[in-house]
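A.B. asks: everything below, folded, please.
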Amino acid sequence: MPVPHWIEFSPAGADAARGLVFLHGVSGGANGAIDILPGLAAPGWRALAWDMPGYGASAPIDPVDFDGYADALRSLLDLAGLRQAVLVGHSMGGMVALHTAARYPGRLAGLVLACCTPAFGATDGALQQAFLARRLGPLDEGATMREVAVELIPSMVGPGADPQLVGDAVALMADIAPATYRAAMRALVGFDARAALPTLTLPALVVAGRHDRVSTPQVLRRMAARMPDARYAEVEAGHFAPHEAPAEFAALVRAFLAGLASDHTPVI
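C.D. replies: Numbers count the residues shown, from 1 in each chain. The predicted structure follows:
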């Protein structure tokens, strides 16, 4: 298994074996979480952010699929020495979190799912193929990742989003290798964890951006309702809610961590 890369913020007194791991979306990377990690690091908790395989400093995997992403994430938990882990997944990162929870349920203490959906559908469906054509067509026609990002990112944030946030998100997406982005997008459109939702009995927090047009609040509310121990919350933001409303999002995450039973220790 290729070695995964992560960045970390560990406040004084943090338990080395207890941490949350922020999982970025298809247009992101670990560096995009640098500013929000300190806010997510609740007392006693380390806060990590990974580079998904093929992103940033993490080696790619082959084949590129959600089993591979979950296996890479398990390797990160092992290497980081995390005995009690909460996954904080944004967008596609939330899909990775769901798949990992279903594949390795004993490794996790909780889930925070932000602006993600439990399914995309059949890879060869008309909706999925149209989505791929919109997202990958510009690359096929010779556009750069920066040009794709300049068109895409502003359409995904909520009204009044900080222009600096938009610029940072564009720069982050511009650095993604086109082959990595293509492979992640093709994996994404085949994702479907709907059948697993009722089996995920660990505590979960589902957070929607009130103005998210990609993963709408209605979809996230329904997802939370199908999970045995999930609660739902909304923040004033678009699809980049953890970054658009960092203080509100961090407060929700820290309250969730504080509410986890202190004796809930996953089996390694």
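A.B. asks: could you look up the SS state of Gln205?
C.D. replies: Quick fix: residue 205 is Leu, not Gln. Here Leu205 is recorded as strand under DSSP: H, G, I helix; E, B strand; the rest coil.
A.B. asks: so, low pLDDT: which residues of the stretch 51-200 of the chain?
C.D. replies: For the stretch 51-200 of the chain, the stretches with pLDDT under 70 are 121-124.
A.B. asks: run the last query once more with 50
C.D. replies: For the stretch 51-200 of the chain, no stretch has pLDDT under 50.
A.B. asks: tell me which stretches of it form helices.
C.D. replies: 66-80, 92-103, 126-140, 145-152, 163-174, 178-188 (DSSP state H, counting those that start in this stretch).
A.B. asks: tilt between the second one and helix 178-188?
C.D. replies: The reference is to helix 92-103. Interaxial angle of helix 92-103 relative to helix 178-188 (axes from the mean of the first three to the mean of the last three Cα atoms, to 10 degrees): 50 degrees.
A.B. asks: and the nearest residue to Val21 once chain neighbours are set aside, which of the three is it?
C.D. replies: Excluding its sequence neighbours, the residue lying closest to Val21 (Cβ to Cβ, 6 or more residues apart in numbering) is Leu48, at 4.7 Å. All C-beta atoms are positioned from the backbone trio N, CA, C, and that covers glycine. Under three-state DSSP, the three-state class of Leu48 is strand.
A.B. asks: so how many other residues sit close to Leu48?
C.D. replies: Counted by other Cβ atoms under 10 Å, the residues lying close to Leu48 total 26.
A.B. asks: what bridges to it?
C.D. replies: Judged by DSSP bridges, the bridge partners of Leu48 are Glu8, Val21.
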